[in-house]
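from the sequence below, what's the structure:
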Amino acid sequence: MIRNSLIAAVLAVSPLAAQAQATLTAETTTPGSTPHYIDTTLAAVLESAGVATMQITEGATLTNSVQAVAEGRLDMAPAPLILPFLMSRGIGPYSGLGPEKGAELAENIRVLFFNAGSAQMLGYFNSNPVEDIRNLEGLRIWNGPPRGAALTSGRAMIQLLSGLKDGEGYEGIQTPWPDTVSSITGGEADAWTIPEGLPSGRQIAIAAAGGITIYDVPSDLLNSELGQQIVAAPGHAPYSVPVEEVRKAYAGNDITIVTDDDTFDSFATAFGQIVPAGFDEELAYQVTKAFLAGEERFKTSSPRGPYLNMTFGDIDGVSQGACGAVQVKMHPGAIRAFEEAGHTVADCLRP
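Numbers count the residues shown, from 1 in each chain. This next block holds a predicted model:
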């Protein structure tokens, strides 16, 4: 169930709270996810800096949140970059908009900063093991929420591993994000594939019901033609972390990590923190400036902080999953903040 969280109420003890210049409405994913951590940390940073108060709705479906920002009904949301891409063409979850309206709305999206903190993985319970991750035929696999970027990435993962498509060789199971853990632990799925941050509170919660095994993408598959197409697909970015770091992140939990080399390799879900194009330029500048100044807080307030791949430096666009098929633009106020801090911003990201 979606629930509202007024972050300001938690942070009201801050002596700078009274200086807040604006109240921003935002939506994010469920607690324990990377977007949720980023948004709640951003709320704390903005409150401490006296820039703004964020009123955050948790457990939202980002497909809807992105459209709400594009329509100017919401100030801010974390956007998997595949969603503005799909919106701009009026396809996928935005097919109801049509190409013309979709393109018009997508033009109203601007990015403040980027991150790629979640890697696609495959998991299963050790009590019901998958004998071969390249042979998933006939299995029931949780592969995402009912629609959106995560479902697209989940389906791509299963196709890359086994060559199978959802409904053609395996049964894809989709439930809303808040029901993910209960659906998996309740026995509805034989395996699951989810884009996860490191460490993932969701995987730890699943493992509490019984030991699990998590796989990355085998090197030969990741380096195949299809693998490289998926890595470069709209909304994706490369992801690689030393496997010992992954195992260390899950130490103390009944979680086994399996890779074919010394790194956990996959494709990440590329995200941008978005606002409407008409978002006040000075406020966009102040928000981004506070974000950049809060780098240490973002990296140290959670064990997953060092692995968020957030843009605290130069932005070339390609590394962030943009400037290719995804043609999002940064907000001028955000560009000003990055350049004032001494960083470069690629021309392809300028409005």
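
please count neighbours and contacts with C-alpha atoms only from this point.
Fine.

export stretch 269-287 to PDB, keeping only CA atoms.
Extracted in PDB, the C-alpha atoms of stretch 269-287 (Å, rounded to 0.1, in the frame of the first residue of the first chain):
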ATOM      1  CA  THR A 269      19.100   0.600 -14.400                       C
ATOM      2  CA  ALA A 270      20.100   4.200 -15.300                       C
ATOM      3  CA  PHE A 271      18.200   6.800 -13.400                       C
ATOM      4  CA  GLY A 272      17.800  10.600 -13.500                       C
ATOM      5  CA  GLN A 273      16.300  12.700 -10.700                       C
ATOM      6  CA  ILE A 274      13.700  14.600 -12.800                       C
ATOM      7  CA  VAL A 275      11.600  17.800 -12.500                       C
ATOM      8  CA  PRO A 276       9.400  19.600 -14.900                       C
ATOM      9  CA  ALA A 277      11.100  21.900 -17.500                       C
ATOM     10  CA  GLY A 278       9.300  24.800 -15.900                       C
ATOM     11  CA  PHE A 279      10.800  24.100 -12.400                       C
ATOM     12  CA  ASP A 280      12.200  27.300 -11.000                       C
ATOM     13  CA  GLU A 281      15.800  27.800 -12.200                       C
ATOM     14  CA  GLU A 282      17.100  29.200  -9.000                       C
ATOM     15  CA  LEU A 283      15.500  26.400  -7.000                       C
ATOM     16  CA  ALA A 284      16.900  23.800  -9.400                       C
ATOM     17  CA  TYR A 285      20.300  25.400  -8.900                       C
ATOM     18  CA  GLN A 286      20.000  25.400  -5.100                       C
ATOM     19  CA  VAL A 287      18.800  21.800  -4.900                       C
END
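
off-centre distance for that stretch?
How far stretch 269-287 lies from its chain's middle: 16 Å, per C-alpha atoms, centre = their mean, to the nearest Å.

residues of it that come out buried?
Neighbour-count burial for stretch 269-287, counted by 16 or more other C-alpha atoms under 10 Å, picks out 269-277, 279, 283-287.

now do the same contact list for G32.
Applying C-alpha atoms under 8 Å, 6 or more residues apart in numbering to G32 gives the contacts S200, G201, R202.

care to break this protein down by domain?
3-116+270-349, 119-269 (automatic domain parsing).

next SSE downstream of the worst-scoring helix or strand of the chain on mean pLDDT?
When the helices and strands of the chain are compared on mean pLDDT, DSSP states H and E, helix 7-11 comes out lowest with a mean of 42. Remark: after helix 7-11, the chain's next helix or strand is strand 23-27, criterion DSSP states H and E.

centre of the chain to whichever helix or strand comes after that following strand, how far?
Downstream of strand 23-27, the next assigned helix or strand under DSSP H and E is helix 34-48. Relative to the chain's own centre, helix 34-48 is displaced by 14 Å; criterion: C-alpha atoms, centre = their mean.

residue ranges with poor pLDDT in this structure?
Within the chain, the stretches with pLDDT under 70 are 1-20.

switch to 80 and redo it
In the predicted model of the chain, residues 1-21, 32, 117, 148-149 satisfy pLDDT under 80.

how about the helices in it?
Taking DSSP state H as the test, the helices found in the chain are 7-11, 34-48, 62-70, 82-89, 98-106, 149-162, 180-185, 201-207, 219-222, 225-231, 243-249, 281-293, 295-300, 332-340.

looking at these, which is buried most?
Scoring the helices of the chain by mean neighbour count under mean count of other C-alpha atoms under 10 Å gives helix 82-89 as the most buried, with a mean of 25.

nearest spatial neighbour of G235, chain-adjacent residues omitted?
Leaving out its chain neighbours, the residue that sits closest to G235 by C-alpha to C-alpha, 6 or more residues apart in numbering is I82, at 4.0 Å.

apologies, that question was intended for R89.
Excluding the flanking residues, the one nearest R89 by C-alpha to C-alpha, 6+ apart is P99, at 4.8 Å.

wait, doesn't the one you found sit right on I91?
Yes. P99 lies in contact with I91 (C-alpha atoms under 8 Å); the separation is 7.3 Å.

was I right about L349 contacting G321?
No. Applying C-alpha under 8 Å as the test, L349 and G321 come out as separate, 11.4 Å apart.

still on that earlier bit, nearest to T259 among the contacts of G32?
Among those, S200 lies closest to T259 (C-alpha to C-alpha), at 17.5 Å.

distance to F113 added to the helices of the chain, as TSV?
Converted to TSV, the helices of the chain look like this (distance: least, C-alpha to C-alpha, whole Å):
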stretch	distance to F113
helix 7-11	21
helix 34-48	11
helix 62-70	15
helix 82-89	15
helix 98-106	17
helix 149-162	19
helix 180-185	28
helix 201-207	24
helix 219-222	27
helix 225-231	21
helix 243-249	25
helix 281-293	7
helix 295-300	12
helix 332-340	8
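
select, out of these, the one closest to L139.
helix 149-162 (11.0 Å).
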